[in-house]
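Enquirer: Sequence first, then the predicted structure, then my questions.
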Amino acid sequence: MYAVTLIASLLTLIGAAFMGAAILQGRKIKGRVPPELKSRWRMMIALMFFFLIAYFFLIVIRLDRLPLPAPLITAPVLLGGAIFVFVVANITRDTINRMKSAEEQLETSERYLRSIIETEPECVKLLSQDGTLLAMNPAGLEMIEANAADMVIGKSVYSLVTPEYRDSFKEFVEGVCGGSKGSCEFEIVGLKGTRSRLESYAVPFYDEKNRKFAMLAVTRDVTQSRKLEEQLSQAAKMEAIGTLTGGIAHDFNNLLTVIMGYGEILEDEMDPSDRLRSYVEQILAASRKGSRLIDSLLAFSRKQAIHARAVEVTDIIQSAEQLLTRLIGRDVELKMRLADETLTILADPAQIERVLINLASNARDAMPDGGVLTITTKRVELDDDFTSARGYGKAGDYAVITVADTGTGMDEGTRDRLFEPFFTTKG
């Protein structure tokens, strides 16, 4: 394309009025015209060299990359055997003012949109199809425990997603980048090691040529809400179990009442030297154990009141020490580390003793070759942060009873079912 001699109005048109003609003198102007209008530009040049005056309307790209509508009048002049083309751009001050106003409105709009994204409390992120993080707002950086954007921008986020969710998350990203939209729930481990459960809603993101090239997603942390849902589900399950247990316990208690009643009559009628008397005593002992079990089941189903009263924790544990020692056997050492201060609580002593017996029995089974069983008591103060993080309890002073052993421990599956009332690993 031919270079042209520039006049002041054209310099203003292409954004060089304050930089002087030197930066454009002798350079090609073709690059300032958008591709779709270059055929019109070529026609204008052809007409000029046929010594015709021509009028054109073009969209010209200024040096600062802004488009500007410009009516142009061109005329060729022959001077000293050389052809010069004079171009007059009809750029009025009103056009320039409108252009500046449009630029200011665009900048204001961009600042407003940027402010919305930056202050959005949920994570807003832009991901490429291969999982590279292209952009993320401050809420998102906090969610993945990144102190600065340069720690994660330009890097793949797939490494943050836990292995069991990684494949499904990749499929989700690829699907959205391919044109679909939807949501995905997954878990991540933040840069500082915190495990979180997240939910993303995403749509395809298009470039200036309307081509899909990334995924725009809004992500929120649903860790606490999922925990509350699990607690609600567990509570509903326990209520159903309690209702069933209460009905069975009452029927079973009626049977035991008959067995114990006739057993006591037999014991009263039998001579102490009768060889069958010991059998009756075993029947009555087993019946009384069954009765205590029924009391526990009824307490669990909340159909029998727990006999709570003010008791001292140390007294309960010391009274159970002899029984626990016999229960765990000679190969297991029982250690007591009880608080020096008085720890008075409102509880049913029989229930606490039963818990200690069950824990001691499990500890003995976990230490077949012997070990140490340690019971510790202390006072702790729980604050509002503790209770809000767990979703239950009230702030205040509490007595803590800790039962620890040196046995094999529990696997993750057992720990997940630890507080189910009828769950057991014993056959």
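Expert: Everything's here; your move.

Enquirer: by contact count, what packs against the top helix by length along the chain?
Expert: Longest helix of the chain, by residue count under DSSP state H: helix 223-269. If you count contacts as 3 or more CB pairs under 8 Å, 6 or more residues apart in numbering; DSSP states H and E, helix 223-269 packs onto strand 195-206, helix 277-300. Any C-beta I mention is one placed from the backbone N, CA and C, and that applies to glycine too.

Enquirer: most tightly surrounded among the ones you listed?
Expert: strand 195-206 (a mean of 17; mean count of other CB atoms under 10 Å).

Enquirer: quick one, that one and helix 223-269 angle?
Expert: 150 degrees (axes from the mean of the first three to the mean of the last three CA atoms, to 10 degrees).

Enquirer: Restricting to C-alpha, output the following helix or strand past strand 195-206 in CSV.
Expert: Under the assignment DSSP states H and E, the closest C-terminal helix or strand after strand 195-206 is strand 212-221. Provided in CSV are the C-alpha atoms of strand 212-221 (Å, rounded to 0.1, in the frame of the first residue of the first chain):
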residue,chain,number,x,y,z
LYS,A,212,-15.8,-20.3,23.0
PHE,A,213,-12.5,-20.5,24.7
ALA,A,214,-13.0,-20.7,28.5
MET,A,215,-15.3,-21.5,31.4
LEU,A,216,-16.8,-18.7,33.5
ALA,A,217,-17.9,-20.1,36.9
VAL,A,218,-19.3,-18.8,40.2
THR,A,219,-18.3,-21.2,43.1
ARG,A,220,-19.5,-21.3,46.7
ASP,A,221,-18.3,-23.2,49.7
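
Enquirer: Could you double-check that Arg309 sits in contact with Leu346?
Expert: Yes: between Arg309 and Leu346 there is a contact under CB atoms under 8 Å: 6.9 Å.

Enquirer: Run through the strands of the protein in chain order.
Expert: In the chain, the strands defined using DSSP state E lie at 54-61, 67-79, 82-89, 123-128, 133-136, 182-189, 195-206, 212-221, 309-312, 332-337, 344-347, 371-382, 396-405.

Enquirer: Compare the ones you listed and say which comes out lowest on pLDDT.
Expert: By mean pLDDT, the lowest-scoring of those turns out to be strand 54-61, with a mean of 51.

Enquirer: quick one: contacts for the closest residue to Asp130 other than its chain neighbours?
Expert: Spatial nearest neighbour of Asp130, excluding adjacent residues (CB to CB, 6 or more residues apart in numbering): Ser156 at 6.9 Å. Ser156 sits next to 130-133 when contact means CB atoms under 8 Å, 6 or more residues apart in numbering.

Enquirer: now with 10 Å?
Expert: 127-128, 130-133 (CB atoms under 10 Å, 6 or more residues apart in numbering).

Enquirer: what about burial for the residues you listed, which qualify?
Expert: With neighbours counted using 16 or more other CB atoms under 10 Å, the contacts of Ser156 contain these buried positions: 127-128, 131-133.

Enquirer: can I get the residues you listed in a markdown table with distance to Asp397?
Expert: Converted to a markdown table, the buried ones among the contacts of Ser156 look like this (distance: CB to CB, whole Å):
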| residue | distance to Asp397 |
| --- | --- |
| Leu127 | 49 |
| Ser128 | 54 |
| Gly131 | 49 |
| Thr132 | 52 |
| Leu133 | 47 |
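
Enquirer: Out of those residues, which is nearest to Lys181?
Expert: The shortest approach to Lys181 among the buried ones among the contacts of Ser156 belongs to Leu127, at 13.6 Å (CB to CB).

Enquirer: does the closest one really touch Met136, like I thought?
Expert: Yes: look at Leu127 against Met136 with CB atoms under 10 Å: they come within range, at 9.2 Å.

Enquirer: what residues are shared contacts of these two?
Expert: 157, 217.

Enquirer: Please identify the buried residues of stretch 206-225?
Expert: Buried-residue list, stretch 206-225, by 16+ other CB under 10 Å: 214-219, 221.

Enquirer: Now do the nearest residue to Gln129 once chain neighbours are set aside: how many residues are near it, please.
Expert: Closest residue to Gln129 apart from its sequence neighbours, by CB to CB, 6+ apart: Cys177 at 4.1 Å. Number of residues near Cys177 (other CB atoms under 10 Å) recorded here: 20.

Enquirer: Per-residue pLDDT of Cys177, please?
Expert: 91.

Enquirer: Quickly note the distance from it to Phe205.
Expert: Taking CB to CB, to the nearest Å as the measure, Cys177 falls 8 Å from Phe205.

Enquirer: quick one: common contacting residues for those two?
Expert: With CB under 10 Å, 6+ apart as the test, Cys177 and Phe205 both reach 127-128, 212-215.

Enquirer: could I get those residues as JSON lines with distance to Lys227?
Expert: Formatted as JSON lines, the shared contacts of Cys177 and Phe205 follow (distance: CB to CB, whole Å):
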{"residue": "Leu127", "distance to Lys227": "27"}
{"residue": "Ser128", "distance to Lys227": "32"}
{"residue": "Lys212", "distance to Lys227": "36"}
{"residue": "Phe213", "distance to Lys227": "37"}
{"residue": "Ala214", "distance to Lys227": "32"}
{"residue": "Met215", "distance to Lys227": "28"}
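
Enquirer: mind checking how far Gly182 is from Asn253?
Expert: Relative to Asn253, and taking CB to CB, Gly182 is found at 55 Å.

Enquirer: Output the below-cut-off pLDDT ranges for the chain.
Expert: 1-96, 99, 296, 299-306, 391, 420-423, 426-427 (pLDDT under 70).

Enquirer: Recalculate using a threshold of 50.
Expert: Along the chain, segments meeting pLDDT under 50 span 1-31, 51, 59, 61.

Enquirer: how much distance is there from stretch 194-209 to the middle of the chain?
Expert: In terms of CA atoms, centre = their mean, to the nearest Å, the centre of stretch 194-209 is set 14 Å apart from its chain centre.

Enquirer: Extract the CA atoms of that stretch and return them as CSV.
Expert: Taking Å, rounded to 0.1, in the frame of the first residue of the first chain, the C-alpha atoms of stretch 194-209 are listed here in CSV:
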residue,chain,number,x,y,z
THR,A,194,-7.8,-27.3,54.4
ARG,A,195,-10.3,-29.6,52.8
SER,A,196,-13.5,-27.9,51.4
ARG,A,197,-16.6,-29.0,49.5
LEU,A,198,-17.5,-26.6,46.7
GLU,A,199,-20.3,-26.1,44.2
SER,A,200,-19.7,-24.4,40.9
TYR,A,201,-22.2,-23.0,38.4
ALA,A,202,-20.6,-22.4,35.0
VAL,A,203,-21.3,-21.1,31.5
PRO,A,204,-19.1,-20.9,28.3
PHE,A,205,-17.0,-17.7,28.0
TYR,A,206,-16.6,-16.2,24.5
ASP,A,207,-13.9,-14.0,23.0
GLU,A,208,-14.4,-10.9,20.9
LYS,A,209,-14.9,-13.1,17.8
